[in-house]
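A.B. asks: sequence? don't have it. structure:
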């Protein structure tokens, strides 16, 4: 199968079900909503080594938020067990401290974590409860005024690790294809791309020749050693980039993959698009590239 | 003492000596250097709860970097013991994975951590060493090409926790004053402002009425409870913001404080500027506000 | 013909041949290259009422510019007769005055305008000539140092007015589709989208019921009056946006249209894509939408 | 007089009274308000050669605008006679065409121009009138929906050409000082800095040795020819930048100058600050630097 002359490999992305929380950060203007969000989702590219897998989903105009201020929606992925701690950490350090920020639940789920309720103790007895747009809020006096956070934040099951891999003739075309893919994926609601700028430049494989390493460079996809690696999959390729996608449903992740692949395939210099899997043994959700593009 | 009609309280900021590493991230263009840096310094506002205190120091034009590409300088503050782990974590997750990024030491210190050398194992045997602009580099094949990181990254002692506190008549003027202060502080080399957008909206005090809390809201500086708090310092004040500054030397932190205070004092609606201290018992470096401004 | 369920009307965009100049602005960093470029291409959406049709084509990394500094490529479209005046005006007011900016020819053409040579008189006798990367440059002493501009700037014939029109169910989806289209078009070399943010929200038709107006709103494509306009083409449509594309060749403009249409058609809520023409009587270059997408 | 060790020359900036219009552009979000504003104020650095002197004053949060959407305030300076044409041109080409933009008067003046009323003819008979937040608006159907513009836009007398000139040891420090000055000036309501990024790198003097030139480089302030120019004022200086300020009142322009000079004087490498005048013969408003700083 070819898309605009680009080979779409007959393979699938192996994704996982996992837990996420999805919150809305509002602030006095878009600049400060984005600053709080950016700080809160930093150091969060991959669950393998970061405390969470995180990303900005998009901005929300003021008419769509409970307090009538511009907002920014973020996702935080972590194990169910660690989610409360992770939310308290990231919200407490990065959003509570950000001027004019407030936090609302944005997760459509019956399962709730009492994050706001737990954070109230920071108020040292001066905290109170209030209501904003029908939401139960905790109000904590801080230097800037009152920090408002919804009492309970939802947690839900979604699909993490949707992905596709762009093989291009050189770095410039690989990067451009990845940038365009990320740009159109931003238009799909409900998904994030957790890597820097949405792009992963250094995929890994499980295991290593060094026994103390549980993961190492995905050598079969490293162009500069194509001549040395047995079964290299990137002979004649100059650069490879991966887009990883987490989202609230299989449908949304699939939609994001489809749009991203199509955009990448339009870029001059892109040779092939494939996806990462572990032989189907680890993740329950399989996205067959060709089926997505039918 | 008054500056432009704004009272400068006769007090001092209590700062600490601590360890930092300072690294230069270069990339194909400023956009991607900044993306890698932003991811790497995320979730790093305060050592109290984050794994590190981090910030972007500034951009470096291509003629001033070892590989002739635009660069971004960041600082990472952590205890000496934890620094290697912290650097490997943030670099490995956020910079190694960022397209076209490379890492150079930017710390003027004889004390070195073998971070690059340790990270080489990710290369799974395909890693090598090379030289860029006279620096000893480790080269690790990744999907995008070769990731280059200097073999050793410096660690040095600096001054953390320089600060000043802006008391204003309302949120708008407090925020504007903080924004202007951050803007001029960005012009001082060698310092970072680790909080979101450079600004802390929720300062804390040690201890709480809740025994399980080691820190809680700095109630004396919370305007919305000024009537309820004994000895409130913000009667008649509408909003308070704090700027925290970490830097490579006492001189640089002092310079940044001075410039930031002057800029803040120019903004309409600012009433008073003070600073945070613990009675001088915890931190060795004291910045007396009035002395700075002489 | 349908693309992702979106009807592609069986029609064509009517474009024109015209003259453009294409110049490269370099500066000390990307920020200042972009500032100079943005000022220089302002108030330049359409030749109908602006003195020129202008746009930013894209950034150029420092390794691809004659002076090794980051650059920004812009296009300026005007009649051959007026081009020299237009270039002197925009360069003299917006680039000469921009800190650290320099100007190079970026037009692959034998036809040259002696813009730099004419601008030298601003030097009041202190001007000189020099060479940068093999280019003949005029050097004009200014307050910031020496302003360098290539002696001659090229002018060439290209294709203006390539376009497509997005019909969507509401403003949100129309805007999102336009944003994604502009994003992928930015990846095509040699083209600009002269309207604000690349998007035209108010297309016009020739003539009006008011005799003194030579152009007026394109009423057949105005959704809010669909019930009043005879032969309205937007019944059931909530919002319409047009993307106009100028470029250095028919091939490039066609490529940009193709990629833009494909990206727009992926967005939820887009109902139909069509194009603007005048019955083929005015413009020599016709882009048949379905042929582009084959 | 010295400020932070920087000499403040005993001189004055010679400014002029002139006419401006001040309008508020709102849009669905800050991004699009800013895009429309940026296009509308482009190619507008100086009345000498541009059709108008223009600039962005600042953003307005949604709670402060008549339609509850985020806004951007711009100023357009032109002669009273040409103002209507200039407004129709810039609004019609750059704001009407920008998705979701609307235009409100933001000029506190009894003198009005019927710009909106004149622009209604673009509606080709489908235009109507309506009211938003108590303002009389013209509603013009366009492709994106209805373009709303206030019927009358104010024109008022203000002060143009406030200025100061930064003399520094090198380009880097001059640029940094100018950037910091622009940053703090942005915090002063009612003023704009019309040059690219707020900074003029190429000041001019009246006249030239070439008789056909009415203006030429301000050679006395050009560092690269300091040895050749009689009475050069920049011996030992590496780079010079000028900040030009237009504003709604003498008080606001003076305030902006004061804040800008103070911020610039804090930057390492700045040697002297002066101002531009024509011997007091042309402009009625004189800003004495030392008086401003008292």
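C.D. replies: Now that the structure is in, tell me what you want to look at. This structure is a prediction, so every number in the text was calculated from the model and none was measured.
A.B. asks: Pull the distance from the longest strand along chain A to the chain's centre.
C.D. replies: Counting residues, the longest strand in chain A under DSSP state E turns out to be strand A:12-26. Distance of strand A:12-26 from the chain centroid (C-alpha atoms, centre = their mean, to the nearest Å) equals 7 Å.
A.B. asks: If we ignore the residues flanking it in sequence, what's nearest the residue of the stretch 151-294 of chain A found nearest chain D?
C.D. replies: Using C-beta to the nearest C-beta, residue A:186 is the residue of the stretch 151-294 of chain A that sits closest to chain D, at 12.6 Å. Where C-beta positions appear, they are placed from N, C-alpha and C, glycine not excepted. Among residues not flanking residue A:186 along the chain, residue A:58 sits closest, at 6.3 Å (C-beta to C-beta, 6 or more residues apart in numbering or on different chains).
A.B. asks: same deal with residue A:42?
C.D. replies: residue B:42 (0.6 Å).
A.B. asks: Now do the contacts for residue A:262.
C.D. replies: A:3, A:184, A:293, C:262, C:266 (C-beta atoms under 8 Å, 6 or more residues apart in numbering or on different chains).
A.B. asks: what helix or strand does it sit in?
C.D. replies: Using DSSP states H and E, residue A:262 sits in helix A:250-265.
A.B. asks: hmm, back to that, please produce JSON lines containing the contacts of residue A:262, extended by distance to residue D:216.
C.D. replies: What follows is these, written out as JSON lines (distance: C-beta to C-beta, whole Å):
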{"residue": "A:3", "distance to residue D:216": "58"}
{"residue": "A:184", "distance to residue D:216": "50"}
{"residue": "A:293", "distance to residue D:216": "62"}
{"residue": "C:262", "distance to residue D:216": "52"}
{"residue": "C:266", "distance to residue D:216": "54"}
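A.B. asks: filter those to the buried ones?
C.D. replies: A:3, A:184, C:262, C:266 (16 or more other C-beta atoms under 10 Å in any protein chain shown).
A.B. asks: Give me the mean pLDDT for the longest strand of chain A.
C.D. replies: In this model, strand A:12-26 has a mean pLDDT of 97.
A.B. asks: near chain B, anything from that strand?
C.D. replies: No - Strand A:12-26 does not reach chain B (C-beta under 8 Å from any C-beta of the partner chain); its nearest approach is 10.5 Å.
A.B. asks: Mind listing what's buried along the helix or strand harbouring residue A:33?
C.D. replies: Assigned by DSSP H and E, residue A:33 belongs to helix A:30-40. Counting neighbours by 16+ other C-beta under 10 Å, one finds that the buried residues in helix A:30-40 are A:30, A:32-40.
A.B. asks: Over to stretch A:50-67?
C.D. replies: So for stretch A:50-67, counting by 16+ other C-beta under 10 Å, buried means A:50-62, A:65-67.
A.B. asks: the strands in the stretch 51-200 of chain A, which residues?
C.D. replies: Per DSSP state E, counting those that start in this stretch, the stretch 51-200 of chain A carries strands over the ranges A:53-60, A:71-77, A:102-105, A:112-113, A:128-132, A:135-142, A:145-150, A:153-154, A:156-168, A:191-192.
A.B. asks: neighbouring strands for the longest one, and are they parallel or not?
C.D. replies: The one in question is strand A:156-168. Using DSSP bridges, the strands paired with strand A:156-168 are strand A:12-26 (antiparallel), strand A:239-247 (antiparallel), strand A:270-274 (antiparallel).
A.B. asks: Likewise for the first one?
C.D. replies: On the basis of DSSP bridges, the sheet neighbours of strand A:53-60 come out as strand A:71-77 (antiparallel).
A.B. asks: Tell me, domain by domain, which residues of chain A belong where.
C.D. replies: A:2-14+A:159-293, A:18-156 (automatic domain parsing).
A.B. asks: count of neighbours near the closest residue to chain C within the stretch 151-294 of chain A?
C.D. replies: Nearest to chain C in the stretch 151-294 of chain A, going by C-beta to the nearest C-beta, is residue A:183, at a distance of 4.0 Å. Burial of residue A:183 is recorded as 21 neighbouring residues (other C-beta atoms under 10 Å in any protein chain shown).
A.B. asks: Residue A:172 now?
C.D. replies: Neighbours of residue A:172 (other C-beta under 10 Å): 18.
A.B. asks: same check, this time on residue A:1
C.D. replies: Neighbours of residue A:1 using other C-beta under 10 Å come to 11.
A.B. asks: That one contacts residue A:11, doesn't it?
C.D. replies: No - Residue A:1 lies out of contact with residue A:11 (C-beta atoms under 8 Å); the separation is 11.1 Å.
A.B. asks: Just the pLDDT for the residue nearest to residue A:42.
C.D. replies: pLDDT at residue B:42 comes out at 97.
A.B. asks: Could you measure from it over to chain C?
C.D. replies: Distance, residue B:42 to chain C, using C-beta to the nearest C-beta, to the nearest Å: 22 Å.
A.B. asks: No further questions, thank you.
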